[in-house]
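In: predicted model and sequence below, questions to follow.
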Amino acid sequence: MISLGRVVRLQVQTGSLKLGERPNRVYDPGPLVAVTELLLTPRGAAGAMAHGEVVFDVHHADHPASKAEPGREVSFGFTSHYGKMRERFGERMAPGCAGENILIEAERVHRLEDFARGLAFRSASTGALLRLAAVSVADPCVEFSRFSLGEPEASPQDLKPVLQFLGEGLRGYCFTPSGDFTLRPGDELVAAR
């Protein structure tokens, strides 16, 4: 297995990042909360806070206002992808603002085809592996694309190149955990050779 990078940030969405009613919804990263550990199960992610409280991600099946969708329970992204987004959209693209649960430090942009042989998280303390099932692209939404542009009322014509730029994994990836696993900063994302 080869390392694709180390986990540098863990977070949960305590509520929806899309506020308001269509077609006037806006993207707001306010409900994102950094956590010290991410408790992964096939039902989704929950975050452990420094004081011991556990908070369900809005995509976890047990969240009171769950937005769970099969195959999209947990998400991850790369610091290198944020570098590309900041080049194009500016400093508003702070690491983690796209809402992924797991941010991985990486030198290069990764595409879905890079994961074809399989992915896993490897614990830095025990070496245990959690295989990632059903990895898919986290498609960018209209609201996040408008947020990226800094134009809440951007037209469909303005959004088309943004959606294309953020697509193909630049916005991040989703997966279903294959079992129970506690993820911590410093753990690695690894790919099969």
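Out: Looks like it arrived, so ask away.

In: helix, strand or coil for the residue in the chain sticking out farthest from the centre?
Out: When distances are taken from the C-alpha mean of the chain, residue 157 lies farthest, 26.4 Å away, according to CA atoms, centre = their mean. Assigned by DSSP: H, G, I helix; E, B strand; the rest coil, the conformation of residue 157 is helix.

In: tell me which element the most centrally placed residue in the chain falls in.
Out: The centroid of the chain falls nearest to residue 100 when counting by CA atoms, centre = their mean (1.9 Å). For residue 100, there is no host helix or strand (DSSP states H and E).

In: ok, now which ones touch it?
Out: For residue 100, the contacting residues are 11, 75, 76, 77, 138, 172, by CB atoms under 8 Å, 6 or more residues apart in numbering. No exception for glycine: its C-beta is placed from N, CA and C like everyone else's.

In: so what strands line up beside the longest strand anywhere in the chain?
Out: Ranked by residue count under DSSP state E, the longest strand found in the chain is strand 2-13. As defined by DSSP bridges, the strand partners of strand 2-13 come to strand 32-34 (antiparallel), strand 102-105 (antiparallel), strand 188-191 (antiparallel).

In: hey, what's the angle from the next helix or strand after the first one to strand 2-13? Just curious.
Out: What it means is strand 32-34. Using DSSP H and E, the helix or strand that follows strand 32-34 in sequence is strand 37-41. If you take axes from the mean of the first three to the mean of the last three CA atoms, to 10 degrees, strand 37-41 sits at 100 degrees to strand 2-13.

In: coming back round to it: which among the contacts of residue 100 gets closest to residue 1?
Out: residue 76 (16.4 Å; CB to CB).
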